[in-house]
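**Q** I'll drop the sequence and a predicted model, then ask my questions.
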Amino acid sequence: MTRLVLRRFASALPILLMVSLITFALMRLVPGDPSAVIAGLSATPEQIAAIRADLGLDQPWPVQLWRWYAGLLHGDLGRSLLLGQPVVEATFLRLPVTLALSAYALVITLLFGLIAGIIAALRQNSWVDQAAMLAAMLGISVPSFWLGLLMILLFAVNLHWLPTGGYIAFTDDPLGWLRTSTMPAISLALLQAGLLARITRSTMLEVLRQDYIRTARAKGLPRHLVIFKHALTNALIPITTVIGITVSLLISASVVTETLFSIPGIGQLLTQAVLNRDYPMVQGGLLIVTALLVLVNLIVDIGYALLDPRVRYDTA
């Protein structure tokens, strides 16, 4: 297991390096000048040039990249050009909001996806199976932003049950957090719940056809014991990989959802940084998010190894 962790950390370094290079290049290729944004509309060309020189943006790209990597080696991701605070501080102030929203969406995804998939597999070709798979297909087909707009129109504008946007921290007001996070979490979770339901159904059907399941039934074991101890335990092995991908997708999709519901998370922060050409914020923020996704994949790999003893990572 230790070798697995070390190997995953070693393989993450080239990924982080590639992400930083691509982000650096793309931000420089996008039209726009952060110096002009900082200076304002009434600034003169001389003032803009002075700001560019002060920020080091007048230097060649290789020099700028080298300076950024030099700071990175010392744990310094730079300062946000617009917020005026360190990138690490700005990111970690917003990251708990995104993680809380993603965790809420993950709970909804697991609750509905696993239950729908298991029930559909146990009632194969029945109306329950058809209804569950139809709901899953609708979930896959509906864009999250469109669903979010519909929920705002229905539950916030017409029924006045939930606020149209904003965010209240769980530590400040748990009920307020639930009210402000429910619609964004549902809009994030619907697509992933549909995918998880379909994969759970197909995996459960494959496991239920195995010989050891027939043997367990022939021995007279209770139905719930056969399903949850023998069938579901083995079905969770491939499902665990899907859950890991789901977590990554939930964090990535928060960019659109947080902007739509005015949630001050990392997604909204990066969106504003891209629009305002805040180079250090985009580069450092994406690097931190990428490191978080790598950590999620590492946890999934460890969970996979624990669920399936046949996987011999230490000898691979």
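**A** That came through fine.
**Q** Can you tell me the closest non-neighbouring residue to the most centrally placed residue in the chain?
**A** By Cα atoms, centre = their mean, the chain has its centre lying nearest to residue 251, at 1.6 Å. Distances taken as Cβ to Cβ, 6 or more residues apart in numbering put residue 102 closest to residue 251, at 5.2 Å, once the chain neighbours are dropped. From N, CA and C alone the C-beta is placed, and that goes for glycine too.
**Q** Which residues are in contact with that neighbour?
**A** The contact partners of residue 102, by Cβ atoms under 8 Å, 6 or more residues apart in numbering, come to 188, 247, 250, 251, 254.
**Q** any idea which element it lies in?
**A** helix 87-122 (DSSP states H and E).
**Q** mind listing what's buried in stretch 53-69?
**A** Neighbour counts over stretch 53-69 (16 or more other Cβ atoms under 10 Å) mark 55, 57, 64, 65, 68 as buried.
**Q** ok, which stretches of the chain are strands?
**A** For the chain, strands defined by DSSP state E do not occur.
**Q** most surrounded residue in the contacts of residue 102?
**A** residue 188 (29 neighbours; other Cβ atoms under 10 Å).
**Q** Enumerate every residue touching the nearest residue to that one once chain neighbours are set aside.
**A** Distance criterion Cβ to Cβ, 6+ apart; nearest residue to residue 188, sequence neighbours excluded, is residue 105 at 3.9 Å. Residue 105 is in contact with 184, 185, 186, 188, 189, 192, 250, counting by Cβ under 8 Å, 6+ apart.
**Q** Does the fourth one touch residue 250 like I think?
**A** Right, residue 188. Yes: the criterion here is Cβ atoms under 8 Å, and residue 188 meets it with residue 250 at 5.5 Å.
**Q** Can you get me a residue count around residue 92?
**A** 12.
**Q** what's the closest non-adjacent residue to it?
**A** Once flanking residues are discounted, residue 92 sits nearest to residue 288: 7.9 Å by Cβ to Cβ, 6+ apart.
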